Structures are given as C-alpha cells and as structure tokens.
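Kindly return the folded structure for what I paste below:
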Amino acid sequence: MSVKIRLQRHGKKQKPFYWIVAADARSKRDGRYLEKIGTYNPNTNPATIELNLDQAVQWLHNGAQPTDTARAILSYKGALLKHHLDGGVRKGALSQEQADAKLAKWIEEKAGKVDSKKEVLSKAQAAAKAKALKAEKEANDKRAAAALEATKVEEEIVAEQSVAEEETAAVEEVIANETVVEEAVVAEETVVAEESVAVEDAPAVEEVVAEETIAEAASNEEAPAIEETNEDSSDSEQATQTEA
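The predicted structure is shown next:
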C-alpha cells in the first residue's frame, strides 16, 4: 500500500485549517486517513505549524511520500533532516549523539530565525499601525479644520443676514416715516385747499344771503297790499249782491 503524507482541509470558508495526515494514496483528499501527525494554520503570520516529529520521521522511514506542501512543512520543522541523520546513523557515518547534536543545533538556529522573523513582522505591524494612526489623526484634523471653517462661514452668513435684515428694517422704517410725512403733507394741503375754496365761496354765500334777505323784505312789504286788494274784492261782491 502506497502511503502519502498530505494536508487534509478543515476550518471555515475563507479561513482554511489543515491537518497533516498519513493516508492511503488511493483515498480522497479529505477522506479516511491512517494517522494524524500534525496541524497547519496559514491564517497567522507566520503560519502556525504543530508537528509530531517522531511520528512524521517514522512514516518517512516506512516509505511514505509527502506531497510538495507537506514536504515543505516537514523540512521547515526538521523532519527531513532527522530522517537524513537517522539514515547516516544506520549506515554508521555518525553516532546517534552526533546526529542529535546536529539536529538540536539546527532546531535552535531555526528557532532564532523564526523569532527574528516574528520580531521583524512585529516591528512592521507596529510601524503600519503607527502610520495608520498618524493618517487617521491627520484626517481627523482636516475634518475638524473643515468643520471649523464651515462653522465660521455659517456664522459669517448669519451675521450678513442679520445686517441685511437690520438694513431692511431701517429702510422700511425710513419708507414708513416718509409715507407718514407724505400723508401729513397731503392732508395739510387738502385742508389748505378746502380753506381756500371756503374763502373763495364766502362772497357768493354772502350775496345769496343778502338776496334772500331782500326777497324776504319785499315779501313783507307786498303782504298789506295783497290784503287790501282782497278786502276791495270782498266789498265789490257784496255791493253787487245788494243791487241784485
């Protein structure tokens, strides 16, 4: 039976999480496996790898063939180096103590490189965060300055409107005063005109009054004559009746 060391996908959509397994080469990628020997999480920076080194090396000793990704992981964790050193021990090229010392030295150097990379990444993240905060602060300052400028403009507009309203009110007041003055002048001119007409009409009125007085006096003078005429008429009628 051909055995492969490969990744079996787990996790969520857009956030994969893998198991490192030894499985029959004929089985499906996410199907049945023979043994789980580790995990691989690519969602962190750097990626998080947990590997049972002894089990992985044992499967390599038994002829298991890793896929390309699994080979890179095994090399990263030192499984391929241990497999190579164990082969040298079996051939008598070096002792077990020498193999263990070389492996320990390699693991220590690898850990130093990983820590250095983590430190570089941390500094880069801190720098990026500081840059983002600076950019955000600048943006906030710009927004605050824009808001202050808008407030000033609004206040100036309100002030101009207030001045315009005051000027309008003053103009309306002046117009109202002028209207009152014009009405007073017109009223005064009307009174003067009426007085002038009254003065002009006074002689005519006096003449009419005089004529009425003369007519009344004439009527009073004619009244006795009329009465005498009436008495003469009455006497004539009586005389005529007597003769008859």
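
C-alpha from now on. contacts and neighbour counts both.
Will do.

what's the domain layout of this structure?
Segmentation of the chain into domains, based on automatic domain parsing, reads 1-94, 95-189.

low-confidence ranges in the protein?
The chain contains residues with pLDDT under 70 at 1, 196-210, 217-244.

Would you map the helices across it?
53-61, 68-77, 79-91, 96-243 (DSSP state H).

Save the ones you listed as TSV, and put in mean neighbour count too.
Shown next, in TSV, are the helices of the chain (neighbours: other Cα atoms under 10 Å):
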stretch	mean neighbour count
helix 53-61	18
helix 68-77	16
helix 79-91	17
helix 96-243	12
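
Out of these, flag the one nearest residue 17.
Residue 17 lies closest, by Cα to Cα, to one member of the helices of the chain: helix 68-77, at 13.8 Å.

so how far is that closest one off the chain centroid?
52 Å (Cα atoms, centre = their mean, to the nearest Å).

cool, stretch 178-187 as well?
Using Cα atoms, centre = their mean, the offset of stretch 178-187 from its chain centre is 55 Å.

With stretch 152-159 instead?
Using Cα atoms, centre = their mean, the offset of stretch 152-159 from its chain centre is 20 Å.

mind listing what residue 106 touches?
Going by Cα atoms under 8 Å, 6 or more residues apart in numbering, residue 106 touches residue 78.

at 6 Å instead, please
With contacts defined as Cα atoms under 6 Å, 6 or more residues apart in numbering, residue 106 has no neighbours.

Begin at 31 from now on, thanks
Yes, from this point I'll number from 31; that puts the last item at residue 136.

Distance of it relative to residue 130?
From residue 136 across to residue 130, the span is 10 Å (Cα to Cα, to the nearest Å).

got it, and residue 57?
From residue 57 to residue 130 the distance is 35 Å (Cα to Cα).

The helices of the chain into a markdown table, with extra columns for distance to residue 52?
Below are the helices of the chain laid out as a markdown table (distance: least, Cα to Cα, whole Å):
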| stretch | distance to residue 52 |
| --- | --- |
| helix 83-91 | 8 |
| helix 98-107 | 10 |
| helix 109-121 | 14 |
| helix 126-273 | 23 |
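
With respect to residue 53, which of those helices lies nearest?
helix 83-91 (10.4 Å).

can you list contacts of that closest one?
So helix 83-91 is contacted by 109, 113 (Cα under 6 Å, 6+ apart).

let's go with 10 Å and repeat that
Here helix 83-91 makes contact (Cα atoms under 10 Å, 6 or more residues apart in numbering) with 33-35, 50-52, 65-68, 92-96, 104, 107-114, 116-117.

again, but for stretch 35-53
Contacts of stretch 35-53 (Cα under 10 Å, 6+ apart): 31-34, 54-55, 58-73, 79-82, 85-86, 89-90, 94-101, 103-104.

For residue 56, what are phi and psi?
Dihedral angles of residue 56 (phi, psi; degrees, to the nearest 10) stand at phi -80, psi -10.

Excluding sequence neighbours, find me the nearest residue to it.
residue 32 (8.0 Å; Cα to Cα, 6 or more residues apart in numbering).

thinking that neighbour is in contact with residue 93, fair?
Yes: with contact defined as Cα atoms under 10 Å, residue 32 reaches residue 93; the gap is 8.2 Å.

doesn't residue 82 make contact with residue 109?
Yes: judged on Cα under 10 Å, residue 109 makes contact with residue 82 at a distance of 9.1 Å.

Quick check: beta-bridge partners of residue 34?
residue 53, residue 95 (DSSP bridges).
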